[in-house]
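# Build me a model from this:
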Amino acid sequence: MAYTIVIDAGHGGTTDPGAVYQGRQEKDDNLRLALAVGNILEQNGQNVVFTRTTDVYQTPFEKAQIANNAGADYFISIHRNSSPQPNQYTGVESLIYDMSGNKLAMAESINREMENVGFRNIGVTARPGLVVLRRTQMPAILVEAGFLNSDADNALFDAQFDQIAQAIGSGILETLSPQTDMNEEPGLYRVQVGMFRVKGNAENLLYELLDRGYPAFILQDGEFYEVQVGAFRQLDNAVRMEQQLRSDGYSTWITV
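Residues are numbered from 1 along each chain as shown. So this is what the prediction gives:
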């Protein structure tokens, strides 16, 4: 099944270059990476809509409206991060409206894939105040592909550009679902961490997992409440998640 995915290159135009470091402008890295990610998604049978393909300025509201008018299933905004001082921080981070739903699983998946390329994985952060996350009517993720004012991240970005684009594309593709509520999506591999008759006990485990950064959720199956983590198209990604959970001391098993 093909999905409509809007790929947004953050910033743009002469008035909004984004972060700038030693003559390098974020808007240019964003556009180059957005086009590469979109191309990968199209090669995998997805319908891709770009908010921009050239160096033009759009307000965040305009970007969100493009996605809404397209009836998109997902919105992915590509950015580079920045910090107050050069070489202060490194790593990839993804921002979402809140820590729930398939957007969380997708953001976690993108981060893990980029970590495999060589980035430090900062994690996923809820940023409900961002217009492109608040005004979009579909699951939305803003990907910060390393720090623009980090020499190490820039070296990685330039040397492993194709791998980075593939990592973002893979992270999106492996968690695609036709519904924004991943709790109802069939045919995905999930890691089950617990099963309880008492809902409060399931919620306690859920909050513990969420606090530790896991994309956890609760499914009700008859009189039982099942606490599960992730939603993966590929079994090996579920296996990696299970291994991570077990290394943190949880008893787990994989379910479909």
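# contacts and neighbour counts: CA atoms only from here.
OK.
# Let me see the domain layout of this structure.
In terms of domains, the chain is parsed into 4-173, 186-255 (source: automatic domain parsing).
# from those, which stretch is densest packed?
Mean neighbours per residue, mean count of other C-alpha atoms under 10 Å, is largest over the domains of the chain for domain 4-173, with a mean of 20.
# State the mean pLDDT of that domain.
In this model, domain 4-173 has a mean pLDDT of 96.
# Any idea how far apart the tips of that domain sit?
End-to-end distance for domain 4-173, by C-alpha to C-alpha, to the nearest Å: 12 Å.
# the strands in the stretch 1-150 of the chain, which residues?
Counting by DSSP state E, counting those that start in this stretch, the stretch 1-150 of the chain has these strands, from start to end: 4-9, 20-21, 24-25, 47-50, 74-81, 92-96, 121-126, 140-147.
# quick one: the fifth one to strand 140-147, angle?
This points to strand 74-81. Put simply, strand 74-81 runs at 20 degrees to strand 140-147, going by axes from the mean of the first three to the mean of the last three C-alpha atoms, to 10 degrees.
# Pairing partners for strand 74-81, with directions?
Here strand 74-81 has these sheet partners by DSSP bridges: strand 4-9 (parallel), strand 140-147 (parallel).
# cool, and the third one?
Strand 24-25 sits in its sheet next to strand 20-21 (antiparallel), going by DSSP bridges.
# Check what contacts the strand it pairs with and list those residues.
Residues external to strand 20-21 that are found in contact with it (C-alpha atoms under 8 Å, 6 or more residues apart in numbering): 26, 148-149.
# sorry, back to before: can I get the strands of the stretch 1-150 of the chain in JSON lines including distance to Glu242?
As requested, the strands of the stretch 1-150 of the chain are exported to JSON lines (distance: least, C-alpha to C-alpha, whole Å):
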{"stretch": "strand 4-9", "distance to Glu242": "28"}
{"stretch": "strand 20-21", "distance to Glu242": "40"}
{"stretch": "strand 24-25", "distance to Glu242": "39"}
{"stretch": "strand 47-50", "distance to Glu242": "32"}
{"stretch": "strand 74-81", "distance to Glu242": "26"}
{"stretch": "strand 92-96", "distance to Glu242": "22"}
{"stretch": "strand 121-126", "distance to Glu242": "18"}
{"stretch": "strand 140-147", "distance to Glu242": "24"}
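# residue ranges for the helices of this protein, please.
Across the chain, reading from the start of the chain, the helices by DSSP state H fall at 26-43, 60-70, 101-117, 131-134, 151-159, 161-173, 199-211, 235-247.
# any chance of the strands paired with strand 74-81 in CSV, with distance to Lys199 too?
Below are the strands paired with strand 74-81 laid out as CSV (distance: least, C-alpha to C-alpha, whole Å):
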stretch, distance to Lys199
strand 4-9, 36
strand 140-147, 29
